[in-house]
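Colleague: turn this into a structure:
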Amino acid sequence: MSGLIIRHEIPADYDSITQVNDLAFEETAQSRIIYELRKSGEALWSKVLVKDGEIIGHLLFYKIWLDDQPIVAGLGPIAIHPEHQHQGYGGQLIRDGLKEADPEEHQIIFLLGHTSYYPRFGFSSEVGAQYVSPWPRPAFMGLKLNDAAPKGGTLTFPKAYL
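Modeller: Numbering: from 1, shown residues only. Prediction:
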C-alpha cells in the first residue's frame, strides 16, 4: 500500500470528499450531512486517505452529547471510493482516526454500521445498547475509550443526522 497518506482534510479537499462519499454510498445524503456538520461547527476532526495524489477515502468524527455533556463522539460517515474498496483502506483510515480521540474528551465513540465489520476495531452492539439513541440495534455500536465513562444515558445527535 505504497503511495498512501492519511491526513486531516483541508477546504481544498471538500469537492473530492463529496465525490468519494457520493460514489461510495451511491447517493448524496452523506455528503449533505458532512456539509451540515462543518457548517454547524459539530464536526470534530476529519481525515482523508490519499493514494498517489488522489483522495480515495474519507472519515469524519462529530459531536454527540451524553446527558447534555459533550463527552462522547460519533464516527461517520466513512467512505472509500468504490474502485478501492475491500483492500484494507477503510481499516487504515479508521485506526488512524481513532488515534486522535482523547479518552477524556471523547470517552465513547459511537457509530451506526455493519455488525460484521466494526467489531474488529473494538465497536460493540452491547455498548451501544446501554444508551438511549434513535438508531436501530444491533447496528448502533460503541467503543469505550475511558473505563470511567457513564454506563448509560441519553445521546443527543446533531440535527444533520436527524
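Colleague: gap between residue 142 and residue 130?
Modeller: 7 Å (C-beta to C-beta, to the nearest Å). Just so you know, the C-beta spots here come from the backbone N, C-alpha and C atoms, and that holds for glycine as well.
Colleague: now do residue 37
Modeller: Distance, residue 37 to residue 130, by C-beta to C-beta: 25 Å.
Colleague: check contacts around residue 23.
Modeller: Listed by C-beta atoms under 8 Å, 6 or more residues apart in numbering, the contact set of residue 23 reads 79, 81-82.
Colleague: before we move on, what SS does it have?
Modeller: Secondary structure state of residue 23, per DSSP: H, G, I helix; E, B strand; the rest coil, is helix.
Colleague: where does it land on pLDDT?
Modeller: With respect to pLDDT, residue 23 scores 98.
Colleague: measure it to residue 103 for me?
Modeller: Counting by C-beta to C-beta, the gap from residue 23 to residue 103 is 34 Å.
Colleague: chain center to stretch 16-36, what's the gap?
Modeller: Counting by C-alpha atoms, centre = their mean, to the nearest Å, stretch 16-36 is centred 13 Å from the centre of its parent chain.
Colleague: that one: end-to-end distance?
Modeller: 17 Å (C-alpha to C-alpha, to the nearest Å).
Colleague: and residue 42, how many residues sit next to it?
Modeller: Neighbours of residue 42 under the rule other C-beta atoms under 10 Å: 19.
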